[in-house]
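Asker: need the 3D shape of this:
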Amino acid sequence: MMTNVHKNTISFLLGSSFAYIFIWLSGVVAAMPVPEFLQPYNEFVVPYYSNTLIVLFASILSIIIVLIVRKAFTFISKQNIFYFALPIVLFLVSIFVFLNFAIAPLMYAAIPTLLVALIFSSGAQKA
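Answerer: This next block holds a predicted model:
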């Protein structure tokens, strides 16, 4: 049986790994070519295409990982969400303080991830 300390530690480590995943995901999306059918629309492609892909891929990846964690460890609670979100928020704050220019793509990945975790935790609380 897992104690709360073990569950919170796993949640903290999972949140820390997501901080790395955000950087990896932003790099992968930045390297993706724009599809040919979108290339004539420069006013859309430049500001929105990569951010839309980051939100989409971060959401899908978050859902998959949170479902796996929920199946494997059978826990997601509000306290676990706090320890999951803590390294993500601290990472984003440190990036904002030291590298102000790099925060936007990471925010596009962090917000859907935190929302997915919050939705799954509230669903687990009701069950």
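
Asker: centre of the chain to the longest helix along the chain, how far?
Answerer: If you go by DSSP state H, the chain has its longest helix at helix 4-31. Relative to its chain's centre, helix 4-31 lies at 7 Å (C-alpha atoms, centre = their mean, to the nearest Å).

Asker: residue nearest the middle of this structure, spatially speaking?
Answerer: With distances taken as C-alpha atoms, centre = their mean, T113 lies nearest the centre of the chain, 3.3 Å away.

Asker: ok, back up a step: pLDDT (mean, whole number) over whichever helix or strand comes after the longest helix of the chain?
Answerer: Later in the chain than helix 4-31, the nearest helix or strand by DSSP states H and E is helix 42-44. Over the span of helix 42-44, the pLDDT mean works out to 73.

Asker: quick one on the thing from earlier: wait, the residue nearest to the centre of the chain touches A58, no?
Answerer: Yes: contact criterion C-beta atoms under 8 Å: T113 and A58 qualify, at 5.5 Å. C-beta coordinates here come from the backbone N, C-alpha and C atoms, glycine included.

Asker: any residues in contact with both of those two?
Answerer: Residues touching both T113 and A58 (C-beta atoms under 8 Å, 6 or more residues apart in numbering) are F22.

Asker: follow-up on the earlier one: run through the residues that contact the residue nearest to the centre of the chain.
Answerer: By C-beta under 8 Å, 6+ apart, the contact set of T113 is 18, 22, 58-59, 61-62, 88.
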